[in-house]
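A.B. asks: I'll drop the sequence and a predicted model, then ask my questions.
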Amino acid sequence: MTAANTAIRLLDVHRHFGEVRAVDGVDLEIADGEFFSMLGPSGSGKTTVLRLIAGFEQPTSGTIELAGKDITGTAPFERDVNTVFQDYALFPHMNVLDNVAYGLRVRGVKKTARRQQAMDALAMVRLEHVADRKPAQLSGGQRQRVALARSIVVRPKVLLLDEPLGALDLKLREQMQVELKQLQRDLGITFVFVTHDQEEALTLSDRIAVFSEGRIVQLGSPSEVYEQPVNEYVASFVGTSNLFDAEAARAVLGAEGRFALRPEKIHLVAPSASAGGPQAKGKVAETIYLGVGRRVVVDLEAGPQLVVLEPSTTEAAVKRGDAVLATWRTEDLVRLT
Ligand code: ADP
Ligand code: MG
């Protein structure tokens with residue numbers, strides 16, 4: 001990344017609240033036009049990082065740059081960023097169009113131009129037809145789209161989104177995920193997206209920073225973070241993993257160290273099958289139907305349990321009590337630090 005295409009840079013940023021190190025030394029570079037996610041459990045410091053970028057919060061120490069310029073200490077309105085919060089914060093007494101046009105009015109855009117640009121923004125989130133309604137007359141998903149339209153209407157260079165889909169039900173959330181991604185691609189705006197939902201982060205992002213206790217524990221593309229988790233924390237927070245501690249690794253894998261193995265990388269075959277490569281004998285303890293597949297829990301002879309994800313296309317489903325041979329590829333075993 002060169003300075004020319006770096007939208008945001010954080011250099012050793014700390015934000016402490018008394019004893020609490022909400023942000024504890026974050027270094028970060030986000031490229032222009034990138035869909036960047038901050039993923040982590042509640043309390044890991046994601047919102048604080050977002051507020052630091054927006055200027056609602058000042059760092060205890062460290063530097064924040066926007067488009068190559070040090071903006072540490074400047075006020076929120078001096079920064080070319082806009083924030084979409086989880087709770088929308090629409091003005092209840094204004095109709096949808098006026099809500100969306102608000103940012104333009106503040107910037108002194110004339111009425112006709114304002115109306116046009118606000119309608120364009122509403123069209124992008126497919127809500128032109130509710131322009132005259134009040135927020136209270138909208139569904140949760142529609143309100144979220146209005147909040148989005150209101151943020152993009154002023155064409156910020158950077159859009160900060162703090163769990164914007166958190167309040168929506170699953171179906172709507174999935175639909176909005178697709179729309180967000182399309183919108184981001186169409187507008188070419190840099191998105192910094194905060195979520196505690198690993199699936200959401202994996203599907204939407206160009207890159208993901210996984211947070212724990214105010215620090216970034218891993219930063220990479222969705223596939224890097226998923227396929228090559230650096231430690232147990234990432235391996236279990238992002239998706240599910242079978243974790244082998246030193247003892248289990250010795251017993252099952254005949255290897256020294258700690259490892260992770262994804263459930264979908266394991267295949268179950270009959271014990272009589274002559275499988276090459278890594279394998280372990282066991283007995284099916286549980287099978288759970290998931291719709292898209294089956295989760296199979298296997299008690300290994302060597303001791304630990306394995307969770308296996310079988311696609312629903314598997315012909316002969318294993319049953320509770322079946323003796324099985326679990327097999328996987330050596331390269332799917334991830335060594336943890
Ligand atoms: P996340 O968004 O990942 O859930 P936050 O950034 O909101 O995490 O919070 C990180 C930590 O900082 C938490 O322990 C939280 O309680 C603390 N924190 C956040 N804001 C404040 C504040 N204004 N005063 C005191 N503690 C705060
Ligand atoms: Mg938060």
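C.D. replies: Looks like it arrived, so ask away. Ligands and ions are numbered 1, 2, ... in the order given.

A.B. asks: how is this protein divided into domains?
C.D. replies: Dividing the chain into domains by automatic domain parsing, as the record does, gives the ranges 3-237, 242-335.

A.B. asks: deepest-packed of those domains, please.
C.D. replies: Among the domains of the chain, domain 3-237 has the highest mean neighbour count (mean count of other Cβ atoms under 10 Å), at a mean of 18. Backbone N, C-alpha and C define where each C-beta goes, glycine included.

A.B. asks: in which helix or strand does the closest residue to ligand 1 within the stretch 51-200 of the chain reside?
C.D. replies: Distances between the stretch 51-200 of the chain and ligand 1 by Cβ to the nearest ligand atom are smallest at residue 194, namely 6.5 Å. Using DSSP states H and E, residue 194 falls within strand 190-195.

A.B. asks: so what pLDDT did residue 128 get?
C.D. replies: pLDDT recorded at residue 128 is 93.

A.B. asks: isn't it up against residue 122?
C.D. replies: Yes - the pair residue 128 / residue 122 is scored as a contact, 5.0 Å apart, by Cβ atoms under 8 Å.

A.B. asks: can I assume residue 82 sits in a helix?
C.D. replies: No - counting by DSSP: H, G, I helix; E, B strand; the rest coil, residue 82 is located in no helix; its state is strand.

A.B. asks: interface residues of the stretch 1-150 of the chain facing ligand 1?
C.D. replies: 17, 20, 22, 40, 42, 43, 44, 45, 46, 47, 48 (Cβ under 6 Å from any ligand atom).

A.B. asks: so where is the protein shaky, pLDDT-wise?
C.D. replies: Across the chain, the ranges flagged by pLDDT under 70 are 1-4, 86-88, 314-316.

A.B. asks: how about the most centrally placed residue in it, what does it touch?
C.D. replies: Nearest to the geometric centre of the chain sits residue 201, at 2.2 Å (Cα atoms, centre = their mean). Going by Cβ atoms under 8 Å, 6 or more residues apart in numbering, residue 201 touches 37, 39, 193, 195, 208, 222, 238.

A.B. asks: from those residues, which land in helices?
C.D. replies: residue 222 (DSSP state H).

A.B. asks: dump the contacts of residue 201 into JSON lines; add distance to residue 335 as well.
C.D. replies: Listed next are the contacts of residue 201 as JSON lines, based on distance: Cβ to Cβ, whole Å:
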{"residue": "37", "distance to residue 335": "25"}
{"residue": "39", "distance to residue 335": "22"}
{"residue": "193", "distance to residue 335": "30"}
{"residue": "195", "distance to residue 335": "28"}
{"residue": "208", "distance to residue 335": "20"}
{"residue": "222", "distance to residue 335": "20"}
{"residue": "238", "distance to residue 335": "16"}
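
A.B. asks: now, the most widely separated pair of the contacts of residue 201?
C.D. replies: Largest separation among these by Cβ to Cβ: 193 and 238, giving 15.2 Å.

A.B. asks: partners of the residue of the stretch 51-200 of the chain closest to ligand 1 in the sheet?
C.D. replies: For residue 194, the beta-bridge partners under DSSP bridges are residue 38, residue 162.

A.B. asks: wait, isn't it in contact with residue 37?
C.D. replies: Yes - counting by Cβ under 8 Å, residue 194 touches residue 37, with 7.4 Å between them.

A.B. asks: which helices and strands sit right next to the strand or helix carrying residue 149?
C.D. replies: Element membership for residue 149 (DSSP H and E) is helix 140-152. Packing partners of helix 140-152 (3 or more Cβ pairs under 8 Å, 6 or more residues apart in numbering; DSSP states H and E): strand 81-84, helix 96-106, helix 111-124, helix 170-187.

A.B. asks: residues making contact with the shortest one?
C.D. replies: This means strand 81-84. By Cβ under 8 Å, 6+ apart, strand 81-84 touches 50, 53-55, 66, 103, 147-148, 151-152, 154, 156-162, 164.

A.B. asks: again, only using 6 Å
C.D. replies: Residues outside strand 81-84 that contact it (Cβ atoms under 6 Å, 6 or more residues apart in numbering) are 54, 147, 148, 151, 156, 158, 159, 160, 161, 164.

A.B. asks: so how far is residue 189 from the third one?
C.D. replies: If I follow you right, that is residue 148. 11 Å (Cβ to Cβ, to the nearest Å).

A.B. asks: how about residue 6?
C.D. replies: From residue 6 to residue 189 the distance is 15 Å (Cβ to Cβ).

A.B. asks: can you check residue 73 too?
C.D. replies: Using Cβ to Cβ, residue 73 is found at 25 Å from residue 189.

A.B. asks: ok, residue 131 next?
C.D. replies: 23 Å.

A.B. asks: what of residue 206?
C.D. replies: For residue 206, the distance to residue 189 - Cβ to Cβ - is 13 Å.

A.B. asks: swap in residue 30?
C.D. replies: Counting by Cβ to Cβ, the gap from residue 30 to residue 189 is 12 Å.

A.B. asks: what's the answer for residue 252, then?
C.D. replies: For residue 252 relative to residue 189 (Cβ to Cβ), the value is 47 Å.

A.B. asks: ok, now which ones touch residue 99?
C.D. replies: With the criterion set at Cβ under 6 Å, 6+ apart, residue 99 makes contact with 90, 91, 146, 150.
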